[in-house]
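Enquirer: can you look at this prediction? I've put the sequence above it.
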Amino acid sequence: MSVRSNLIEIKDSLPEGVTLVAVSKVKSVEEIMEAYNSGQRVFGESRVQEIIAKKDFLPQDIEWHLIGHLQRNKVKFIVPFISMIHSVDSERLLKTINKEAGMVNRVIDVLIQLHIAQEPTKFGFSYEEAEALISSPLLSELNNIRIRGVMGMATFTDDVDLVRKEFRTLNGYFNRLKDRFFKNDDNFNEKSMGMSDDYHIAIEEGSTMIRVGSSIFGKR
């Protein structure tokens, strides 16, 4: 199947209110243009170098999302144009994003990455760490970031019940944070969870944003 037909099939299956982030890492400008010409506008990349290398060869109305682990020394390269950073996994990174965004007079949408997987190699805050960060006085000083919600990655496994449980956990964390800190903030509304192999489960468990690569562009 073509990129176009893959995109149509996925989009037709999505409930209202779920955003499709097309994961274009390691994909060529031509492949991204095929998705763009099929109506896709939101693209996710894992590495700063790769976004920088591609973006000037692509239409300006693309909404770029950084979905991979972000090093603080790379933040300055993406704050002029990035639409959302999904992978905020430390207080220091949040401060750096705020500082660099202030230099270019932007407010950057970010998601707090929470660790929900069995795999210790995955990044992210524990729920308790996220709560401590959000309740700290520091947050009111960060005027150039806007916390839009949470992101999480499930364990890479064939155990569907485990994956479902982890997504359900993330949804619960989102609801607790919303109730405690963001009850009157309509901007806190995103749950980025679900990739090509598990996005159907993620949507059933409350995802509002799925990050899909191979189901659109084919396996690497």
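Expert: On my side now, so go ahead.
Enquirer: skipping its backbone neighbours, what lies nearest residue 182 in space?
Expert: residue 188 (3.6 Å; C-beta to C-beta, 6 or more residues apart in numbering). Where C-beta positions appear, they are placed from N, C-alpha and C, glycine not excepted.
Enquirer: count of neighbours near that neighbour?
Expert: A count of neighbours around residue 188, defined by other C-beta atoms under 10 Å, yields 19.
Enquirer: which elements pack onto the host helix or strand of residue 191?
Expert: Applying DSSP states H and E as the criterion places residue 191 in strand 190-192. Contacts defined by 3 or more C-beta pairs under 8 Å, 6 or more residues apart in numbering; DSSP states H and E place strand 190-192 against strand 145-151, helix 160-181, strand 209-212.
Enquirer: what's that strand in contact with?
Expert: 19, 21, 67, 86, 111, 148-152, 170-171, 174, 206-211 (C-beta atoms under 8 Å, 6 or more residues apart in numbering).
Enquirer: before we move on, the earlier item: and residue 10, which of the helices and strands packed on strand 190-192 is closest to it?
Expert: Among the helices and strands packed on strand 190-192, the nearest to residue 10 by C-beta to C-beta is strand 209-212 (6.4 Å).
Enquirer: helix, strand, or coil at residue 31?
Expert: helix (DSSP: H, G, I helix; E, B strand; the rest coil).
Enquirer: ok, residue 153 to residue 205 distance?
Expert: 14 Å (C-beta to C-beta, to the nearest Å).
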